[in-house]
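Trainee: Provided below for reference: sequence and predicted model.
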Amino acid sequence: MRASTTKSRGPADAVTVLTWHALVGRPEELEAWPPGARLYVFTLDEFRRQLDHLAAEGFTTLSMAELLQWHQGAVELPERPIVLSFDDGHRSNAELALPELRSRGQKAIFFITVSRVEADAWVTWDDLRVLLDAGMEVGSHSLTHRPPSSLSRDELRRELAESKRILEEGLGVAVEFVSSPTGYDSRHFGPLAREAGYKAALQGVIGRNRRSTDPFALRRILLKRSMDSALFRRLVDPSRRAYLPLRLKQATRNAVRRLIGARGYEALRRLLLGQGSGCAEQPPDGSKGSANECQIPDSKSQMPSHRGDHP
Ligand SMILES: [Zn+2]
């Protein structure tokens, strides 16, 4: 089928969800991040250009609550809807991303790894209150960020329920949305998120969301710095399906993972990235403390440590 070159007209029928992780104020600060983690870090200037593009192209940022209202048939979408989200709860979300969103009148949801709140480099409870006061949403990104596929159903149930409970008690608001940590989704994640009382869940599958999409397996695009600004523009363009090659790549990667196992896949990936250390792209078991964490060498950054994190 020939791709349309005209802009969409009237209400949209699909919503793209974008996910960022951490930001750095200056490009030199990227050097302090291990290669696997750096893939998911943008500079403030890059982030500004992305937000400016969305504003210039007439995108309306939706909250997850608005996305859900549309999904349930209660409202129509604006012509160019988009959901902006952040995974993990890095301190830069509050310190760098929030002012940029506010100044453009854009909204976002921040999915927080609850066991890290108040820890070095991560958001504080005060940060989360500031985000809420600014009209942003806060969701759960699990309790410890362990890969859902590595957990028993009872462990995953606890990750989902406890993180929700702690956020709700700490913030005094309902926490209705959750995003799956790491690229290792579990088929139990959606059903157990529903059971825990969430209204929708973002998982790792790349794509756009329609009314027919399972609200507990919502799709998204995890932004990586290997995506240049031209690709970013194509990915958010509703008249294109630029995400399809990425989805194919993801499906291939997942098949390899299934074949050689998660540990084998991470070893292979580190080899290909030339990353000699044991710092996995996927954070190791969070309950084991910092033994396997990626430590950033001496840096003037206020965000000195990072767990080699990603989705
Ligand atoms: Zn994450």
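Mentor: Structure received.
Trainee: Contact partners for the residue nearest to Ser92 when sequence neighbours are not counted?
Mentor: The shortest distance from Ser92 to any residue other than its chain neighbours is 4.3 Å, reached at Leu23 (CB to CB, 6 or more residues apart in numbering). Yep, even glycine has a C-beta here, placed from its N, CA and C like the rest. When the contact criterion is CB atoms under 8 Å, 6 or more residues apart in numbering, the partners of Leu23 are Val41, Phe42, Thr43, Leu44, Phe47, His90, Ser92, Asn93, Leu96, Ala97.
Trainee: and Leu23, which of the three is it?
Mentor: Secondary structure for Leu23, judged by DSSP: H, G, I helix; E, B strand; the rest coil, is strand.
Trainee: Skipping adjacent residues, who's closest to Ala134 in space?
Mentor: Of all residues not flanking Ala134 in the chain, Arg102 sits nearest, at 5.7 Å (CB to CB, 6+ apart).
Trainee: Where does the prediction get shaky in this structure?
Mentor: Across the chain, the stretches falling below the confidence threshold (pLDDT under 70) are 1-9, 183, 273-311.
Trainee: ok, Arg91 touching Ala119?
Mentor: No. With contact defined as CB atoms under 8 Å, Arg91 and Ala119 do not form a contacting pair (9.6 Å).
Trainee: Which of these two has more residues huddled nearby?
Mentor: In terms of neighbours (other CB atoms under 10 Å), Arg91 is the more surrounded of Arg91 and Ala119; the figures are 20 against 15.
Trainee: Give me the neighbour count for Gln72.
Mentor: By the criterion of other CB under 10 Å, Gln72 has 12 neighbours.
Trainee: show me the residues around it that make contact.
Mentor: Residues in contact with Gln72 (CB under 8 Å, 6+ apart): none are found.
Trainee: what about it, distance to Lys199?
Mentor: Taking CB to CB, to the nearest Å as the measure, Gln72 and Lys199 are separated by 9 Å.
Trainee: Double-check that Glu31 belongs to a helix.
Mentor: Yes. Applying three-state DSSP, one finds Glu31 inside a helix.
Trainee: host element of the residue nearest to Ser115 when sequence neighbours are not counted?
Mentor: Closest residue to Ser115 apart from its sequence neighbours, by CB to CB, 6+ apart: Thr144 at 4.9 Å. According to DSSP states H and E, Thr144 maps onto no helix or strand at all.
Trainee: State whether Thr144 and Glu162 are indeed in contact, as I suppose.
Mentor: No. The criterion here is CB under 8 Å, and Thr144 misses it with Glu162 at 9.4 Å.
Trainee: Looking only at neighbour counts, state which of these two leads.
Mentor: A side-by-side neighbour count of Thr144 and Glu162, using other CB under 10 Å, places Thr144 first with 20 against 17.
Trainee: list the helices and strands the lengthiest helix in the chain packs on?
Mentor: Secondary structure of the chain per DSSP state H: the longest helix is helix 244-273. Contacting helix 244-273 under the criterion 3 or more CB pairs under 8 Å, 6 or more residues apart in numbering; DSSP states H and E are the following elements: helix 35-38, strand 200-206.
Trainee: so what's Ile166 up against?
Mentor: The contact partners of Ile166, taken as CB under 8 Å, 6+ apart, are Val114, Leu143.
Trainee: Next one: it from Arg233, what distance?
Mentor: In this structure, Ile166 and Arg233 are 38 Å apart, going by CB to CB.
Trainee: Then Trp33?
Mentor: Distance, Trp33 to Arg233, using CB to CB: 25 Å.
Trainee: With neighbour numbers in mind, choose between the two.
Mentor: Taking other CB under 10 Å, Trp33 and Arg233 do not tie; Trp33 has more neighbours (23 against 15).
Trainee: right, and Phe177 touches Ile112 too?
Mentor: No. Here Phe177 does not reach Ile112: they are 11.0 Å apart, not a contact under CB under 8 Å.
Trainee: Need the overlap of contacts for the two.
Mentor: Joint contacts of Phe177 and Ile112 (CB under 8 Å, 6+ apart) are Gly139, Ser140.
Trainee: Fine, thanks again, bye for now.
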